[in-house]
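K.L.:
Model the structure of this input:
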Amino acid sequence: MRRIAAVGAAWGLLLVLAACSSMSAHSADRPGSATNPATTPATTTTSTTTTTLPSAVPTTVPTPVVPTVGWSSPATTLPPAGGYTSLSCISEVFCLTAGGGSNQADAIGSSGPGVTASWTGAIWSAPATYFAAAPGPNSPPWMPAISCTNGPLCAVVDGSAHATLGDATTWSTPAPMKGDFASPPNPADPGPGHTGSRTAAVSCLGQHFCAYADNTGHVATMHGTTWSGRRAFTTPSGSSSVALFQRGRVGLGCASPSACTAMVGNAVLDWDGSGWSTSGGPWGGDGNVGDTAVSCPSARTCIAVHGSSVSIRLGGTAWSAPRSIDGNGRLDAISCPTAFTCVAADAYGAVVRQTSSGWTSPQKVVPTPVDYTEDGTSLSCPSAQFCMILTGDGDYATYTGTPLTPTPVPTVPATVTP
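P.N.:
Prediction:
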């Protein structure tokens with residue numbers, strides 16, 4: 001476990017305005033608390049794993065990070081086998097992360113069980129296994145993604161199209177999703193365990209609805225505790241199509257059970273409560289554009305990041321022309337409690353924040369990963385007073401503060417026609 005030195009500095013800006021109604025601050029939901037009996041899935045109880053999980057041995061000495069006002073000094077928690085790949089916070093005293101399995105961590109890939117760890121406001125639990133590892137370096141799960149709601153109830157999905165429900169200590173047996181799994185051959189796809197392998201995203205609301213999307217153009221929804229069959233989008237829609245094997249992360253955000261938006265490369269997939277539709281995104285072209293992330297604080301109002309830029313869709317179908325906000329590039333996470341107060345993070349451990357005067361310059365709050373360099377950055381801001389960032393290496397920092405004065409509604413920028 002690495003120890004990271006930190007010295008004081010100042011950043012007077014505060015984070016975000018208001019929480020989404022479905023993710024508002026509430027009394028602490030501790031891991032192991034009872035879930036709603038009416039919605040609790042059939043589960044297999046799993047205690048803290050007895051499997052020996054390899055720890056990360058740094059290959060270089062991380063650059064010390066100067067904490068900014070509002071952000072804690074960065075700390076380190078032990079990565080599970082394969083590194084952490086996703087984070088979801090319900091409140092300032094309950095966050096859950098998922099990782100392990102086969103992922104994109106390095107040239108030879110990683111393998112091991114799928115694991116979760118929970119944070120209760122001060123410390124992380126020991127990793128607990130939710131997905132037992134099969135032999136071989138490329139066995140499922142691949143790049144797990146997690147989303148948690150009040151209860152707590154969490155869904156974990158991964159690029160191998162397995163899904164699990166649980167409450168941080170008790171998990172249903174991982175099961176493959178049903179539906180369309182057909183994917184045309186792609187010689188450029190290096191396979192699971194390497195950069196460009198299968199990734200997925202999940203977004204849950206309440207205890208009865210979740211949505212799923214992956215980088216091969218498949219989508220699905222969960223109603224109650226039952227997932228619909230996966231549907232593949234592989235044909236053109238207007239001037240755009242969902243190119244299979246998008247390299248890197250995909251974005252997914254739900255504002256309600258009838259309003260979800262996924263971003264797979266430059267393709268946008270919208271769920272309206274009864275079906276999915278496709279349109280073009282703001283990044284240009286239909287090929288592999290790399291990591292994308294999206295957050296949707298209200299129906300059809302979404303903020304997306306990719307590379308060094310951000311694009312906004314305000315209640316419609318047109319996206320603003322991309323605007324550069326982070327010279328570091330590699331933006332791969334965003335969390336927006338409201339439409340005009342967002343925090344985005346890049347793969348180098350820096351955050352940028354939207355304010356009434358525009359986006360702040362990048363502020364480094366955790367070290368750049370040195371072990372799990374391709375696992376991406378995870379970011380979750382469940383309320384106006386709290387935010388957490390976590391890297392694949394297990395370095396994390398938290399923000400605590402008070403809300404900002406409401407941000408004026410900006411003029412709708414020039415749009416990109418889908």
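K.L.:
least trustworthy helix or strand in this structure by mean pLDDT?
P.N.:
The weakest-scoring helix or strand in the chain, judged by mean pLDDT, DSSP states H and E, is strand 44-45 (a mean of 36).
K.L.:
bridging residues for residue 305?
P.N.:
residue 293, residue 310 (DSSP bridges).
K.L.:
distance of residue 258 from residue 205?
P.N.:
Separation of residue 258 from residue 205 (Cβ to Cβ, to the nearest Å) stands at 10 Å. In this view, the C-beta of every residue, glycine as well, is placed from N, C-alpha and C.
K.L.:
Which one of these two is surrounded by more residues?
P.N.:
More crowded of residue 258 and residue 205, by other Cβ atoms under 10 Å: residue 205, with 21 against 12.
K.L.:
check contacts around residue 251.
P.N.:
Residue 251 is in contact with 201, 261, 262, 263, 292, 293, 294, 295, 304, 334, counting by Cβ atoms under 8 Å, 6 or more residues apart in numbering.
K.L.:
which stretches of the stretch 1-150 of the chain have low pLDDT?
P.N.:
1-63, 81, 104-109, 136-137 (pLDDT under 70).
K.L.:
Distance from the chain centre to the next helix or strand after the least confident helix or strand of the chain, please.
P.N.:
Once the chain leaves strand 44-45, the next helix or strand it forms, by DSSP states H and E, is strand 75-76. Mean-position distance between strand 75-76 and its chain equals 19 Å (Cα atoms, centre = their mean, to the nearest Å).
K.L.:
sorry, back to before: farthest pair in the contacts of residue 251?
P.N.:
262 and 334 (13.8 Å; Cβ to Cβ).
K.L.:
any shared contact partners between these two?
P.N.:
Counting by Cβ under 8 Å, 6+ apart, the residues touching both residue 262 and residue 334 are 251, 294.
K.L.:
more crowded one of those two?
P.N.:
Comparing residue 262 with residue 334 by other Cβ under 10 Å, the one with more neighbours is residue 262, at 30 against 26.
K.L.:
Quick check: that one touching residue 277?
P.N.:
No. Assessed by Cβ atoms under 8 Å, residue 262 is found out of contact with residue 277, at 11.1 Å.
K.L.:
Quickly list what's touching both of the two.
P.N.:
The contact sets of residue 262 and residue 277 overlap at 269, 270 (Cβ under 8 Å, 6+ apart).
K.L.:
contacting residues for residue 392?
P.N.:
With contacts taken as Cβ under 8 Å, 6+ apart, residue 392 has the following neighbours: 79, 83-85, 99, 105, 369, 371-377.
K.L.:
Make CSV out of the residues you listed and add distance to residue 342.
P.N.:
Shown next, in CSV, are the contacts of residue 392 (distance: Cβ to Cβ, whole Å):
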residue, distance to residue 342
79, 27
83, 25
84, 22
85, 22
99, 25
105, 28
369, 23
371, 29
372, 25
373, 25
374, 24
375, 22
376, 18
377, 15
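K.L.:
Can you tell me which of these is nearest residue 122?
P.N.:
Comparing the contacts of residue 392 against residue 122 with Cβ to Cβ places residue 84 closest, at 18.2 Å.
K.L.:
That's all I had, so thanks and see you.
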